[in-house]
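Colleague: Next comes the sequence, and after it the predicted model I'd like to discuss.
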Amino acid sequence: MRIRQFFFTFALDSSINEDTTRDTFIKTMKYVNMAMLKKILFAIALLLAMAACTSKPMTAAEEGEEKEYPEVLFKLGELADVELEMPETTWQSIIKKASDKTYYKCAVTINGECFDDVAIRTKGASSLDDVALMKSDRYSFTLKLNKYEKGQDYHGLSKLLLNNNIWDATQMKDAVVYDMCRFIGLPAPLTNYARISVNGRFFGCYLLVEPVDKNFCRRNWPDEVSNIYKPYHNLAYTGGQMKDYAEISDYAKVKGGEASMQRIVAALKSVDEGKDIDEHVDIESVMKYMALQTIVVNFDCMTGHNAQNYYLREADGRISLIPWDYNLAWGGYPEDEEMEGEDLLEQSEETRLPSNAGMRGKEETSRIVNFPIDTPFSEELSQRTFFMKLLADESYKARYYHYLTVLCKEYIKGGELAKTLSAIENEIGEIAGTEANAFYTNEQFHKARQMLRLVLEKRAASVLGQIEGTIPSTWEGQKAQPKKLINSDDLNLQELGGI
């Protein structure tokens with residue numbers, strides 16, 4: 001009775017001071033033998049353990065001050081931990097049947113927070129095939145927290161991408177490009193790095209990427225209704241028939257529908273005819289996108305021969321573009337449209353990339369460093385009329401030049417690039433390339449980082465020279481006056497990685 005009275009008095013009476021508590025406790029302990037004390041302590045420990053094991057991560061509604069996923073997961077410089085747990089037979093099925101992209105169940109722990117019944121599958125298109133040809137298990141993965149358990153999320157994030165950074169010796173092209181986007185106010189996916197383990201075994205250093213989905217839209221445009229597509233279309237207006245735009249409409253990712261498509265076609269028509277463009281196109285956003293594309297020289301998109309690797313957003317009748325997928329930026333994808341990764345890998349017996357991957361000659365290196373800002377496509381300009389007609393408007397072109405200048409002077413030359421490169425090196429410099437299945441070694445990673453800095457510095461010098469008029473800004477002009485170009489003979493683009 002005295003024991004129970006002590007504990008209830010101690011718990012409920014906040015007026016008890018320290019001296020009173022000590023005296024009461026000493027008097028009470030006279031009635032407690034050691035065996036009874038051990039039972040009490042054991043019972044308390046058991047209750048605490050049960051509470052810890054049965055508790056689940058609180059939702060944002062349950063914990064009003066809970067931090068959202070941008071703050072807890074995507075803080076560059078703070079390496080995350082993602083632990084995957086599943087039967088070993090399940091893991092082997094994922095790897096052996098990678099091309100099926102089938103979802104399997106697993107348990108996931110993200111920075112100490114545990115989730116059961118999470119869906120996992122391989123991801124990628126040609127890059128997935130490239131991993132298979134290498135006979136490697138280092139695939140990229142998609143984690144979907146709410147597929148089997150509705151409403152399950154990690155601080156508001158229901159889907160997470162784990163990128164393997166294939167063909168990218170820097171392991172940071174995506175991260176750097178998206179950082180550039182945010183610097184100029186262009187919405188782009190968040191990124192950070194993670195130490196991935198599978199059933200307790202260290203598996204690899206991966207890039208975490210925020211998908212372009214409903215959560216992305218809520219983060220960037222919380223008060224607007226967004227329709228998001230991932231097209232395979234060059235955005236040229238070809239008439240008013242909806243069937244001619246199936247390469248847009250068939251790839252709706254968020255909402256979409258006929259009414260949205262009608263507004264998109266109206267926007268493409270306005271650019272084609274040069275009428276009421278500002279009513280249909282978010283010019284400021286599109287000029288930011290164009291400036292970014294011109295700086296990063298990624299041929300695996302509309303800069304090159306491929307009308308892919310971008311998202312199209314339509315909201316309230318206006319369209320804009322969202323950047324996507326830059327592991328092959330700065331010449332990582334060859335200008336030769338017939339060249340693919342599988343051409344290099346079909347005879348490979350190694351889990352690392354072939355020794356000739358990413359090799360570029362002096363002429364091609366110069367074309368990338370001096371890529372012309374007024375004709376910024378390696379594809380025929382007649383296939384890129386959406387962009388070229390916008391650049392024909394001097395006011396739009398001025399905004400494009402403005403963002404090119406900001407990226408060159410403030411981001412690359414002004415210290416932002418150096419800060420980003422340093423943060424990434426500090427975060428993953430010790431583990432990048434140390435995995436058994438790594439595509440590149442740790443030494444290659446560090447060399448690639450230094451080369452990326454040099455390439456960007458020369459790219460910035462060329463772009464600024466083109467804006468100022470001291471360097472030709474079209475393909476024709478550069479062909480006629482090659483001596484005015486920035487010399488790039490000291491650069492080795494192969495060190496950056498690439499196909």
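Modeller: Done, it's in.
Colleague: Against Ala291, how distant is the spatially most central residue of the chain?
Modeller: By CA atoms, centre = their mean, the chain has its centre lying nearest to Val209, at 3.4 Å. For Val209, the distance to Ala291 equals 22 Å [CB to CB, to the nearest Å]. Where you see a C-beta, it was placed from the backbone N, CA and C, and this is true even at glycine.
Colleague: gap between the residue nearest to the centre of the chain and Gly185?
Modeller: 20 Å.
Colleague: got it, and Leu161?
Modeller: Per CB to CB, Leu161 is found 23 Å from Gly185.
Colleague: So the two - more neighbours on which side?
Modeller: Leu161 (18 against 12; other CB atoms under 10 Å).
Colleague: Show the low-confidence segments of the protein, by residue range.
Modeller: Applying pLDDT under 70 to the chain flags the ranges 1-65, 337-352.
Colleague: now the strands: where do they sit in it?
Modeller: 80-85, 104-110, 113-123, 140-144, 159-163, 191-198, 201-209, 227-229, 252-254, 310-315, 318-323 (DSSP state E).
Colleague: Turn these into JSON lines, columns for distance to Val176.
Modeller: Below are the strands of the chain laid out as JSON lines (distance: least, CB to CB, whole Å):
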{"stretch": "strand 80-85", "distance to Val176": "18"}
{"stretch": "strand 104-110", "distance to Val176": "24"}
{"stretch": "strand 113-123", "distance to Val176": "21"}
{"stretch": "strand 140-144", "distance to Val176": "18"}
{"stretch": "strand 159-163", "distance to Val176": "14"}
{"stretch": "strand 191-198", "distance to Val176": "9"}
{"stretch": "strand 201-209", "distance to Val176": "11"}
{"stretch": "strand 227-229", "distance to Val176": "24"}
{"stretch": "strand 252-254", "distance to Val176": "24"}
{"stretch": "strand 310-315", "distance to Val176": "18"}
{"stretch": "strand 318-323", "distance to Val176": "12"}
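Colleague: Leu496: which of the ones you listed is closest?
Modeller: strand 201-209 (15.6 Å; CB to CB).
Colleague: If we go by neighbour counts, what in the closest one is buried?
Modeller: 203-209 (16 or more other CB atoms under 10 Å).
Colleague: That one - which strands sit beside it in the sheet, and in what orientation?
Modeller: The strands beside strand 201-209 in its sheet (DSSP bridges) come out as strand 159-163 (antiparallel), strand 191-198 (antiparallel).
Colleague: Give the other helices and strands that the longest helix along the chain contacts.
Modeller: Scanning the chain for the helix with the most residues, using DSSP state H, yields helix 442-468. Secondary-structure packing of helix 442-468 (3 or more CB pairs under 8 Å, 6 or more residues apart in numbering; DSSP states H and E): helix 283-296, helix 362-369, helix 394-405, helix 416-428.
Colleague: Please repeat the previous calculation with a cut-off of 7 Å.
Modeller: With contacts taken as 3 or more CB pairs under 7 Å, 6 or more residues apart in numbering; DSSP states H and E, helix 442-468 sits against helix 362-369, helix 394-405, helix 416-428.
Colleague: okay, those in CSV with distance to Trp324 and mean neighbour count next?
Modeller: Shown next, in CSV, are the helices and strands packed on helix 442-468 (distance: least, CB to CB, whole Å; neighbours: other CB atoms under 10 Å):
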stretch, distance to Trp324, mean neighbour count
helix 362-369, 20, 18
helix 394-405, 18, 17
helix 416-428, 19, 18
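Colleague: shouldn't Leu493 be in contact with Gly331?
Modeller: Yes. Judged on CB atoms under 7 Å, Leu493 makes contact with Gly331 at a distance of 4.9 Å.
Colleague: Arg182: how many residues sit nearby?
Modeller: Using other CB under 10 Å: Arg182 sits among 12 other residues.
Colleague: Return the distance of it relative to Asp244.
Modeller: 35 Å.
Colleague: coming back round to it: how about the residue nearest to the centre of the chain, what does it touch?
Modeller: 161, 163, 174, 189, 191 (CB atoms under 7 Å, 6 or more residues apart in numbering).
Colleague: Which residues are in contact with Gln466?
Modeller: By CB under 7 Å, 6+ apart, the contact list for Gln466 reads 372-373, 473.
Colleague: looking at the sheet around the nearest residue to Leu312 once chain neighbours are set aside, what are its partners?
Modeller: Nearest in space to Leu312, with sequence neighbours left out and distances taken as CB to CB, 6 or more residues apart in numbering, is Tyr229 at 4.6 Å. Beta-bridge partners for Tyr229, by DSSP bridges, are Ala252, Leu312.
Colleague: Please work out how many residues are found near Tyr229.
Modeller: Neighbours of Tyr229 (other CB under 10 Å): 27.
Colleague: Does it touch Ile248 like I think?
Modeller: Yes. With contacts counted by CB under 7 Å, Tyr229 reaches Ile248, the gap being 5.3 Å.
Colleague: overlap in contacts of the two?
Modeller: What both Tyr229 and Ile248 touch, as defined by CB under 7 Å, 6+ apart, is the set Leu312.
Colleague: List the residues that contact the spatially closest residue to Pro231 that is not a sequence neighbour.
Modeller: Using CB to CB, 6+ apart and skipping residues adjacent in sequence, the residue nearest Pro231 is Ile248, 4.3 Å away. Ile248 makes contact with 229, 231, 233, 261, 264, 312, according to CB under 7 Å, 6+ apart.
Colleague: give the contact list for the fifth one.
Modeller: Spelled out, it's Ile264. Contacts of Ile264 (CB under 7 Å, 6+ apart): 248, 314, 319.
Colleague: right, and Lys255 touches Asn227 too?
Modeller: Yes. Here Lys255 reaches Asn227: they are 4.6 Å apart, a contact under CB under 7 Å.
Colleague: Give me the more crowded residue out of those two.
Modeller: Shown here are Lys255 and Asn227; by other CB under 10 Å, Asn227 has more neighbours (22 against 16).
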